[in-house]
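Colleague: no FASTA, just this:
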């Protein structure tokens, strides 16, 4: 079974195969309500319905074709009993929803956790899982102690400011900061806090496991209206104020690197190395990344980043000589 | 005629027909299969079957002649097509909606799943601000078939390349499919080695075969115990000691409570089983000088070698 990204045709057919059973169960639904439920424009619903009534069973006469009729903007579907229930979930859909559910359960203090556990149980048994194997999927996200996640969750729900003690890799020291939390984003297997940091006066991503202590303040946090967690999927994502890094990586490294980090550009060089450009989430994180590449990276720019990496390398090496 | 009409007609006919239809009947009776040549029909029909199966439509083959073993006709069994009645309560649908929204990346699939499950529930309320997001890399192509294997208890075999580059065919009784450290792993009993092993899904080759051999998952099986941090994963594990200095010891106390810890001056030492020294080096680098590999000596030396390009450049 393939689970490559669904094509436009897949998505349309999937929607139509849902639209028909929905209308059989809910005759008279308006095109506006259908558009809202299926998350598409009203014109898209109309086009789908126009397609449906030229389809049906062999013979393709009046009693064979799917009957679609309108009363005002209300829609009725008939002679399509065989489409009476939706298509079952594909394994890829089931896994995505199940894994999402497990990620939600990693967030402490969710009121919906109990209902979600019930739903996942029903889901597991309905998906053809053999008895006892419903919970064969696990999701582990590193987030440090539950009490910090609880404080952050509370702060996000109530839009409140937080004071925290945080280990800063660039300063190699604990720092005390006041932050306005915007969201919690899990990527690369761990939770990050996205927040406005009053210490640096800029937006930052903090590793939750590097928070030593967190305390809810009585002040209200300012959260941008258009905050969108999906734009934080990659730590090295593009933001206008941040600098572009460029360096070359060895052929041994290039296979996984390009998958793991969203490169702005990738150029193959004559000797098989790749020149990549990406946007840094922070210089300390970028320096640590370069050190991890070790001998598999060269030609680093800008100079300040190379300097930062050298300083960090010197600090680490000093502890390992002797 | 649009291809999508032909696909809907094909599903409708195969779902509705009381008996399986041969390719010849499909060509003659179903609207959209009137291609000018046999070859053109074959191509169109093959392509359609493939697309529909990829979407999860169960097109199956049957024999029209009960005394023949030749499977020459097609059907869509209703019980395998229809979503079973789940009787989800409204609060359960609402909770699943949160589950579908938290996913970053493959959200489209979770969204499609949610629509199927929520046909009987009130529609979503618009305008709630999302403050959570999780990228679980759940769009990897092999996960779907591994999910089937692990939930249905079927033995899997696959070609696998280890971190050190050695490749071999593995036969595994899959116990758990698990996301950790940002990667998906399949954990189970490796039949040839007769031992529990963890395999990274991204290192499996695309041809994964399922067999119907049955097996039991040991009760209280703890997958996480077989799959720790990235540095633990590897065939030959050796103990390593990492020292956190006074300013960083809280981190180890907070996050590594299950490992053996001991006082070392004003710092703290942690003993770790290490199967992948390079992953340990990568992990220690992340502490930027606040952590030190105390032993083994060879891994210490390897860390210095690894950093050498950055150190030489300073001296030059």
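Modeller: Structure received. Since this is a predicted model, take the numbers as computed values, not measurements.
Colleague: who does the residue in the stretch 51-200 of chain B that chain A sits nearest to bridge with?
Modeller: Chain A sits closest to residue B:133 of the stretch 51-200 of chain B, with a gap of 2.8 Å, by C-beta to the nearest C-beta. C-beta: built from backbone N, CA, C; applies to glycine. Assessed by DSSP bridges, residue B:133 has beta-bridge partners residue A:185.
Colleague: residues contacting it?
Modeller: Contact analysis of residue B:133 by C-beta atoms under 8 Å, 6 or more residues apart in numbering or on different chains lists A:183-186, A:229-230, A:232-233, B:102-104.
Colleague: quick one: buried ones out of those residues?
Modeller: Buried members of these, scored by 16 or more other C-beta atoms under 10 Å in any protein chain shown, are A:183-186, A:229, A:232-233, B:102-104.
Colleague: per the record, what domains does chain A have?
Modeller: Following automatic domain parsing, chain A resolves into domains at A:5-83, A:91-127, A:146-220, A:230-321.
Colleague: out of those domains, which one sits most buried?
Modeller: Scoring the domains of chain A by mean neighbour count under mean count of other C-beta atoms under 10 Å in any protein chain shown gives domain A:91-127 as the most buried, with a mean of 22.
Colleague: now residue 172. Nearest residue, chain neighbours left out?
Modeller: No chain in the question, so chain A it is. In space, and not counting its chain neighbours, residue A:172 is closest to residue B:288: 4.9 Å by C-beta to C-beta, 6 or more residues apart in numbering or on different chains.
Colleague: ah, no, chain B please
Modeller: Nearest non-adjacent residue to residue B:172, counting by C-beta to C-beta, 6+ apart: residue B:188, 4.7 Å away.
Colleague: residues in contact with the residue of chain A found nearest chain B?
Modeller: For chain A and chain B, the shortest gap (C-beta to the nearest C-beta) falls at residue A:229, measuring 2.8 Å. With contact taken as C-beta under 8 Å, 6+ apart, residue A:229 is in contact with A:183, A:185, A:194, B:104, B:130-133.
Colleague: again with residue A:264
Modeller: Applying C-beta under 8 Å, 6+ apart, we find residue A:264 in contact with A:238, A:244, A:277-279.
Colleague: show me the shaky parts of the chain.
Modeller: Assuming you mean chain A. Applying pLDDT under 70 to chain A flags the ranges A:1-5, A:127-132, A:134, A:170-171, A:234-242, A:255, A:259-260, A:262, A:280-282.
Colleague: to clarify, I was referring to chain B.
Modeller: In the predicted model of chain B, residues B:106-107, B:126-129, B:162-165, B:228-235, B:312-316 satisfy pLDDT under 70.
Colleague: okay, domains of it per the record?
Modeller: Looking at automatic domain parsing, the domains of chain B come to B:3-81, B:101-228, B:238-315.
Colleague: figure out which of these is closest to residue A:118.
Modeller: With respect to residue A:118, and counting by C-beta to C-beta, the nearest of the domains of chain B is domain B:101-228 at 13.1 Å.
Colleague: quick one: residue A:316 from residue A:288, how far?
Modeller: Residue A:316 sits 10 Å away from residue A:288, going by C-beta to C-beta, to the nearest Å.
Colleague: who touches both of the two?
Modeller: Residues touching both residue A:316 and residue A:288 comprise B:285, B:288, with contact defined as C-beta under 8 Å, 6+ apart.
Colleague: so is stretch B:50-70 next to chain A?
Modeller: Yes. Counting by C-beta under 8 Å from any C-beta of the partner chain, chain A is contacted by stretch B:50-70 at B:51, B:53-57.
Colleague: buried ones in that stretch, by neighbour count?
Modeller: Across stretch B:50-70, burial judged by 16+ other C-beta under 10 Å covers B:51-52, B:54-59.
Colleague: quick one: contacts of that stretch?
Modeller: A:1-2, A:4, A:6, A:9-10, A:13-14, A:87-91, A:93, B:7, B:10-11, B:14, B:19-20, B:22, B:49, B:71-77, B:80-81.
Colleague: starting at the chain centroid, how far to it?
Modeller: Centre-to-centre, stretch B:50-70 and its host chain are 27 Å apart (C-alpha atoms, centre = their mean, to the nearest Å).
Colleague: ok, now stretch A:19-37?
Modeller: A distance of 29 Å separates the centroid of the chain from that of stretch A:19-37, by C-alpha atoms, centre = their mean.
Colleague: contact partners of that stretch?
Modeller: Residues outside stretch A:19-37 that contact it (C-beta under 8 Å, 6+ apart): A:38, A:41-42, A:44-46, A:48-49, A:52, A:66, A:71-77, A:80-81, A:83-86, B:115, B:119-120, B:123, B:126.
Colleague: equivalent analysis for stretch A:41-55, please.
Modeller: Stretch A:41-55 is touched from outside by A:12, A:15-16, A:19-20, A:31-32, A:34-35, A:38, A:65-68, A:75, A:77, B:2, B:4-5, B:8-9, B:12, B:31, with contacts defined as C-beta under 8 Å, 6+ apart.
Colleague: A helix includes residue B:173, no?
Modeller: No. According to DSSP: H, G, I helix; E, B strand; the rest coil, the state of residue B:173 is strand, so it is not within a helix.
Colleague: next, count neighbours for it.
Modeller: By other C-beta atoms under 10 Å in any protein chain shown, 20 other residues sit near residue B:173.
Colleague: report the contact partners of the residue positioned nearest the centre of chain B.
Modeller: Closest to where the C-alpha atoms of chain B average out (C-alpha atoms, centre = their mean) is residue B:143, at 3.1 Å. For residue B:143, the contacting residues are A:3, A:92, A:95, B:177, B:184, B:201, by C-beta under 8 Å, 6+ apart.
Colleague: what is the nearest of those to residue A:176?
Modeller: Taking C-beta to C-beta as the measure, residue A:176 lies nearest residue B:184 of those, at 37.4 Å.
Colleague: where does the closest one sit, in terms of helix or strand?
Modeller: Using DSSP states H and E, residue B:184 sits in strand B:183-190.
Colleague: now that strand: buried residues?
Modeller: Buried residues in strand B:183-190, defined by neighbour count with 16+ other C-beta under 10 Å: B:183-190.
Colleague: packing partners of that strand?
Modeller: Judged by 3 or more C-beta pairs under 8 Å, 6 or more residues apart in numbering or on different chains; DSSP states H and E, the packing partners of strand B:183-190 are helix B:143-152, strand B:167-180, strand B:195-200.
Colleague: who does it pair up with?
Modeller: Strand B:183-190 has the following strand partners under DSSP bridges: strand B:167-180 (antiparallel), strand B:195-200 (antiparallel).
Colleague: angle of it against helix B:143-152?
Modeller: Angle between the axes of strand B:183-190 and helix B:143-152 is 40 degrees (criterion: axes from the mean of the first three to the mean of the last three C-alpha atoms, to 10 degrees).
Colleague: residues contacting strand B:183-190, please?
Modeller: Counting by C-beta under 8 Å, 6+ apart, A:189, B:137-138, B:140, B:143, B:146, B:150, B:156, B:170-179, B:195-202, B:204, B:215, B:223, B:226-227 sit against strand B:183-190.
Colleague: how about 7 Å then?
Modeller: Contact partners of strand B:183-190, identified using C-beta atoms under 7 Å, 6 or more residues apart in numbering or on different chains, comprise B:137, B:140, B:143, B:146, B:170, B:172-178, B:196-202, B:223, B:226-227.
Colleague: filter the residues you listed to the buried ones?
Modeller: Neighbour counting over the contacts of strand B:183-190 (16+ other C-beta under 10 Å) leaves B:137, B:140, B:143, B:146, B:170, B:172-178, B:196-201, B:223, B:226-227 as the buried ones.
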